[in-house]
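Trainee: No letters, just coordinates:
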């Protein structure tokens, strides 16, 4: 057997450079590059390997480990999980910064390869700088924190272990049913140790992504279920987007006159103005979707994991005869809500169902209901878009202007706070994959970094970050990376004085505002109830080399948007919006933990409301 003598890190780089995926006859280089923040735990190992011969891998330098990993997640998401950027860090704090990103990737079923440095396998220098010592178990390091948030986790304690670990890493990363974060921990001494690797290990590997088809038994059960139902509702999830099942979803809905609602991940699979598109589903959903869901007797989930926001904590589906059918590549997701299921690729599952149901002449019994609720909802969105207030800008008015001004091809990105709810309800995308929302983890700090990732994935499109002031303050370091890379991104910063989404939750449960707004500490109350802290976010952005604007009127916003379109560097528009000018619940409900004992009667009342709703929810 022909071999080549390489350090473990050199072998890893060479292996990653030769990984490809194939779907529908189209081949893609799977690993585009590596995001790095070098430290003593990886700079002379993996760093040396990348510097000496990175092959066709591009090396990017991030400015925060969590941020660069979020950029990698967004890149993979926008590429429909067919290309990735790996991420490497030093040991200790650098590695632990990526744990949040690992959770974000795994929850959202997005491939993310993490390569954190680790402590010495030989243990001779223990405790090394940044090592967390475990008194009772020397096999445990800080990197064990990745285990609960990784789909696959391994530690390469000997250079030859790389071969098994790398193959399993690719197995998980390229499997639509099992993908998520993959963590390969790299002890800093082992990174430099050598082994005579078989040359065959570095051959070009093509990982074939299979479009799994449903079994005949699954199709029979599904068809029998649909044929019994008169008013089904489709929930379009992210699996529709990753499968590129746009035409199949459209055909299925139209042939059988079945309306569809969207999850955050499924939004923009089809245009907002399609006659059967009810918009967002659930807690942050539309009045149209939630009303139709209330009476539906069959819920057909396509590529969705049915989170509590989608199901309104299992309260949305009020028809006692309602049953569930899932089309999903992942059986874990498919059996939720006691569903009948097709364990299948979204495109293949929809095709199979369409063929059989068409031969049986199936049609839903909807008459004018869909048109009526859509017309009512469209009027409500028009109203929200037109709200004018003397005191300042309303959030929905700003979104209406942005929806009109940014352009059909622009990609909007978001993740947390009140903006995802408003966007799922009122944003009107007309082009496919122009809505990029991370709402599986709702991870604050994802937004700016993800906007860079989406831009790297689609460099010919403008990318716009929809972010609140609270989330921007948490993490915006990859804005600097965008300047370094000459990769223009646009930040639309909604400044409403803090975490107003959570203040609304407090108010809604009878608590009242407490430590959720960006205020000075009051000498009178001893609490954060003083005046708002004024922050010039535009000045902050300019200090990085970003072109920045401050707007307080719609006319200023219009002018700023037109300027941004012409700018050649990253931009930020600081938009001052009024608190409590976001959208409301629209006949939805969200289960949260409210105390049974409290001094305020309003809290006790909120607790009783929770109990009343729980009585009406489905139990599994």
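Mentor: Sure thing, it's come through. All figures in this text were calculated on a predicted structure; none of them were measured in a lab. Numbers count the residues shown, from 1 in each chain.

Trainee: quick one: contacts for residue 348?
Mentor: The neighbours of residue 348, taking C-beta atoms under 8 Å, 6 or more residues apart in numbering as the test, are 211, 212, 213, 214. Using the backbone N, CA and C atoms, a C-beta is placed for each residue, glycine as well.

Trainee: Quick check: which ranges of the stretch 1-150 of the chain have low pLDDT?
Mentor: Counting by pLDDT under 70, not a single residue of the stretch 1-150 of the chain qualifies.

Trainee: Quick check on the spatially most central residue of the chain: phi, psi?
Mentor: For the chain, the residue nearest the mean C-alpha position is residue 438 (2.3 Å; C-alpha atoms, centre = their mean). For residue 438, the backbone dihedrals are phi -100, psi 100 (criterion: degrees, to the nearest 10).

Trainee: which non-adjacent residue is nearest it?
Mentor: Distance criterion C-beta to C-beta, 6 or more residues apart in numbering; nearest residue to residue 438, sequence neighbours excluded, is residue 415 at 4.2 Å.

Trainee: what do you get for residue 56?
Mentor: In this structure, residue 56 finds its nearest non-sequential neighbour in residue 17, 5.8 Å apart by C-beta to C-beta, 6+ apart.

Trainee: Run a quick neighbour tally on the one you found.
Mentor: For residue 17, the neighbour count with other C-beta atoms under 10 Å is 18.

Trainee: again with residue 468
Mentor: 27.

Trainee: Ok, the one 4 residues further on next?
Mentor: Counted with other C-beta under 10 Å, the neighbours of residue 472 add up to 25.

Trainee: which parts of stretch 468-481 are buried?
Mentor: 468-481 (16 or more other C-beta atoms under 10 Å).

Trainee: same check, this time on stretch 288-296
Mentor: Using 16+ other C-beta under 10 Å as the test for burial, stretch 288-296 gives 288, 289, 290, 291, 292, 293, 294, 296.

Trainee: Sort out which of those are in helices and list them.
Mentor: The members of these that map onto helices under DSSP state H are 288, 289, 290, 291, 292, 293, 294.

Trainee: which residues touch the fifth one?
Mentor: For residue 292, the contact set (C-beta under 8 Å, 6+ apart) comprises 231, 233, 259, 261, 278, 369, 370, 373.

Trainee: Then the first one?
Mentor: Shown here is residue 288, whose contacts under the criterion C-beta under 8 Å, 6+ apart are 278, 279, 373, 374, 376, 377.

Trainee: ok, residue 154 - how many residues close by?
Mentor: For residue 154, using other C-beta under 10 Å, the count is 17.

Trainee: tell me which element it falls in.
Mentor: Element membership of residue 154, judged by DSSP states H and E, is strand 152-155.

Trainee: before we move on, what about residue 598?
Mentor: Judged by DSSP H and E, residue 598 forms part of no helix or strand.

Trainee: separation between the nearest residue to it once chain neighbours are set aside and residue 280?
Mentor: By the measure of C-beta to C-beta, 6+ apart, the closest residue to residue 598 outside its immediate chain neighbours is residue 604, 5.9 Å from it. Applying C-beta to C-beta, to the nearest Å, the value for residue 604 to residue 280 is 32 Å.

Trainee: Which one of the two is surrounded by more residues?
Mentor: More neighbours surround residue 280 than the other of residue 604 and residue 280, with 29 against 16 (other C-beta under 10 Å).

Trainee: Looks to me like residue 452 is in a strand.
Mentor: No - read with DSSP: H, G, I helix; E, B strand; the rest coil, residue 452 is helix and lies in no strand.

Trainee: what sits against it?
Mentor: The neighbourhood of residue 452, defined by C-beta under 8 Å, 6+ apart, consists of 71, 74, 463, 478, 479, 481, 482, 485, 487, 489.

Trainee: Try it again at 6 Å.
Mentor: Residue 452 sits next to 71, 478, 482, 489 when contact means C-beta atoms under 6 Å, 6 or more residues apart in numbering.
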